[in-house]
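K.L.:
okay, sequence plus prediction incoming.
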Amino acid sequence: MATVLARTRADTRIEPNATLIDPRALAGKRQRKQFVPRALQRLLGPVLLVALWQLLSSTGVFNERTVPPPSRVVSAAVHLIADGSLQDHLLTSLLRVGYGAAFGIALGLTLALVSGLSRVGENFVDANMEVLRAVPNFALVPLLIVWFGISEVPKITLITLAVAVAIYINTFSAIRSVDAGLVEAARSFGVGRAELIYRVILPGSLPGFLVGLRLALTASWLSLIFAETINAKKGLGRMMTDAREYFQIDVVFVLIGVYAILGLTSILIVRFLEARLLTWRRAYDGD
Amino acid sequence: MTVTEAATDTVVIARGVRKAFGDHVVIDDLDLEIRSGEFVALLGRSGSGKSTFLRALGALDGDFEGFVRVPERRAIVFQDPRLLPWQRVLTNVTVGLPATAAVRAQARAALSEVNLTDKAKVWPRTLSGGEAQRVALARALVREPELLLLDEPFGALDALTRIKMHGLLLALCRMHQPAVLLVTHDVDEAILLADRVIVLTDGSISLDVDVAVPKPRARDSHEFATLRRRLLAELGVTGEIQL
């Protein structure tokens, strides 16, 4: 009996119990070195989709009248850029969004401060903004036409309202969720009202504002489409209407592509701002 | 005792302080005086009202009854550092003070006192827990407070860091000579640091004892162990783990 026990112990040293396992076998595979940048890798999906689209068009699965092949969409885009019409309409739309975004950010931020910093302000402003948020933007179009005619004013107003609502909702909630402990501590160290606002509350609500900005820019392009249904002589919306009237499906595809690029660019702008303005959030800021 | 009987070097006078949340009385007829430069530890179980009392003294909560006088120059160190994450460390130290070169120089001096000279320009998020709490100490001390209120300032730190912080705090108090009210539930910490230990039970003082343990205080000394046993008994626990 004793010899058996001794042998078992000796065996354990050389050949471990078969039910024990090497944890490395279960842990996930280590990440391999990346030869292609991540951004390029992410393009794989869209590239495959376009390739599939071209394939289905070439083999005649897609009806060329309703789904033109990518090659024709590209040549339509080249044509629209060559005769300058795309840039012309794009500039008009960009100006509308630019003004609307500028006014909307100013308005939304002002209202968020009024409402966020005082209870009285909240009583006056907040419920109204909630109502405005609940109303679909497009429902305001008839009213805006009646009030401001068919000039640029109703178009820019519509975008302004959409932007203001997105900025307001997020900034207001960000102001109200600034850590009460920080406010209390700051006050205990003699921080006055003005310093409290610019040193504690505004920087504290900046992340929320930037979330609002991202949503606002997305909303601004959406509103632009609505706004340009108001008898626009120029603009991407006008191009879209014309393309539909004359059944230029390739132009419709080009415009959808333009909207996509504009939307993505807006998001990149906000990401850039976040990277610049929120450096304090990073865990490590160098030696 | 009337108010006029307070000694001339008294910096905190509290008489008949009472605070209730609805029917629940948190502080009940509490009297306390703290003299200039005195280090008082306030012990109590959770819910004994010790933090509530500190908040009253620190003007964080004005909703209480009774007579209270505190110096104008006060500073608080909270359990969490409460640094503004979007301001660099130096700006966190000078917060609420005029933005002058002299103030910044004082803040740098305060940071060097807590051994964080090289961290003046970093974001608070890059600091360890102990470092952040040292910044909070610097932020309090740069104001040269007559009364320093410490609300379980080392409660969230690991045991080794806490030991270092105790030494640092004692050195800083010797240098700046503020009156200190340290709220804690750590009996050893109270005995190690304080001149006087007060036990708060159900909102009023149940024990007020001068710490006669000779300095430097060693946890394994007889006096330490005796006082420790007495305080633990007052808090309703025995020192031993019961199986």
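P.N.:
That came through fine. Residues are numbered from 1 along each chain as shown, chains lettered A, B, ... in the order given.
K.L.:
what about stretch A:263-276, distance to the chain center?
P.N.:
Put simply, stretch A:263-276 sits 8 Å off its chain's centre (C-alpha atoms, centre = their mean, to the nearest Å).
K.L.:
next, give phi and psi for B:V12.
P.N.:
Torsion angles at B:V12 (phi, psi; degrees, to the nearest 10) stand at phi -130, psi 130.
K.L.:
bridged to it, which residues?
P.N.:
B:I34 (DSSP bridges).
K.L.:
what residue ranges in the stretch 101-250 of chain A score low on pLDDT?
P.N.:
Scanning the stretch 101-250 of chain A for pLDDT under 70 picks out no residues.
K.L.:
what parts of it come near chain B?
P.N.:
With C-beta under 8 Å from any C-beta of the partner chain as the criterion, the stretch 101-250 of chain A meets chain B at residues A:181-182, A:184-186, A:188-192, A:195, A:199-200, A:203-204, A:206. (Glycine included, C-beta is placed from N, CA and C.)
K.L.:
which intervals of chain B have sub-threshold pLDDT?
P.N.:
Filtered on pLDDT under 70, chain B yields the residue ranges B:1-6, B:239-243.
K.L.:
show me the residues of the stretch 101-250 of chain A next to chain B that map onto helices.
P.N.:
With DSSP state H as the criterion, helices contain A:181-182, A:184-186, A:188, A:195, A:203-204, A:206 from among those.
K.L.:
ok, and the most crowded of the residues you listed?
P.N.:
Highest neighbour count within these, by other C-beta atoms under 10 Å in any protein chain shown: A:A185, with 26 neighbours.
K.L.:
gap between that residue and B:D23?
P.N.:
From A:A185 across to B:D23, the span is 30 Å (C-beta to C-beta, to the nearest Å).
K.L.:
closest to B:R82 out of the residues of the stretch 101-250 of chain A next to chain B?
P.N.:
A:A185 (3.9 Å; C-beta to C-beta).
K.L.:
list the residues that contact the most centrally placed residue in chain B.
P.N.:
Nearest to the geometric centre of chain B sits B:L150, at 2.2 Å (C-alpha atoms, centre = their mean). Applying C-beta atoms under 8 Å, 6 or more residues apart in numbering or on different chains, we find B:L150 in contact with B:76-77, B:169, B:180-184.
K.L.:
state which helix of chain A is the longest.
P.N.:
Under DSSP H, chain A gives helix A:85-117 as its longest helix.
K.L.:
just the element for B:G236, please.
P.N.:
Assigned by DSSP states H and E, B:G236 belongs to no helix or strand.
K.L.:
wait, it touches B:R45, no?
P.N.:
Yes: under the criterion of C-beta atoms under 8 Å, B:G236 makes contact with B:R45 at 7.0 Å.
K.L.:
more neighbours, the two?
P.N.:
Neighbour comparison, B:G236 and B:R45: the larger count goes to B:R45, with 15 against 8 (by other C-beta under 10 Å).
K.L.:
what parts of chain B come near chain A?
P.N.:
Residues of chain B lying near chain A by C-beta under 8 Å from any C-beta: B:58-60, B:74-76, B:78, B:80, B:82, B:84-87, B:95-97, B:122-126, B:139, B:143.
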